[in-house]
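Q: just need the structure, nothing else, for what follows:
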Amino acid sequence: MTHRQTTVRTTCLLLLCVAGLLGSVGGCQVSMNGQTLPSPYYLYDDVQYFPAGPEFKLPREAAALRAAQAEEKASRR
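A: Residues are numbered from 1 along each chain as shown. Next up, the predicted model:
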């Protein structure tokens, strides 16, 4: 085998190894057997957390309506 063939073969092997390493380091999702799996770094991702709010969104308006209805009943008597 000549020196040139050895150099070409070594270069190709090195590029193949670099491509394999870059592909394995990437932090993206992987699809295997129909499952979407997270990246190996999912534990280090920042998680957006939105706390649960009140189930009834309009408590002040409901209280104002109740007060108005009670006032209307009181004025009728």
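Q: you'd agree Pro40 is in a strand?
A: No. Assigned with DSSP: H, G, I helix; E, B strand; the rest coil, Pro40 falls outside any strand and is coil.
Q: look up how far Gln29 lies from it.
A: According to Cβ to Cβ, to the nearest Å, Pro40 stands 11 Å off from Gln29. Any C-beta I mention is one placed from the backbone N, CA and C, and that applies to glycine too.
Q: between the two, which is the more surrounded one?
A: Using other Cβ atoms under 10 Å as the criterion, Pro40 and Gln29 rank with Pro40 on top: 12 against 9.
Q: from Glu71, how far off is the more buried one?
A: Relative to Glu71, and taking Cβ to Cβ, Pro40 is found at 64 Å.
Q: what does Arg77 give?
A: From Arg77 to Glu71 the distance is 11 Å (Cβ to Cβ).
Q: these two: which is more packed in?
A: Glu71 (10 against 4).
Q: which SS class is the more buried one?
A: helix.
Q: show the pLDDT at it.
A: We have a pLDDT of 95 for Glu71.
Q: what residues are up against it?
A: By Cβ atoms under 8 Å, 6 or more residues apart in numbering, the contact list for Glu71 is empty.
Q: how close does the spatially most central residue of the chain get to Arg60?
A: Central residue of the chain (Cα atoms, centre = their mean): Val47, 7.1 Å from the mean position. Distance from Val47 to Arg60, counting by Cβ to Cβ: 32 Å.
Q: same deal with Thr11?
A: Where Arg60 is concerned, Thr11 sits at a distance of 73 Å (Cβ to Cβ).
Q: quick one, helices of the chain?
A: 3-25, 59-76 (DSSP state H).
Q: lowest average pLDDT across the ones you listed?
A: Among those, helix 3-25 carries the lowest mean pLDDT (a mean of 77).
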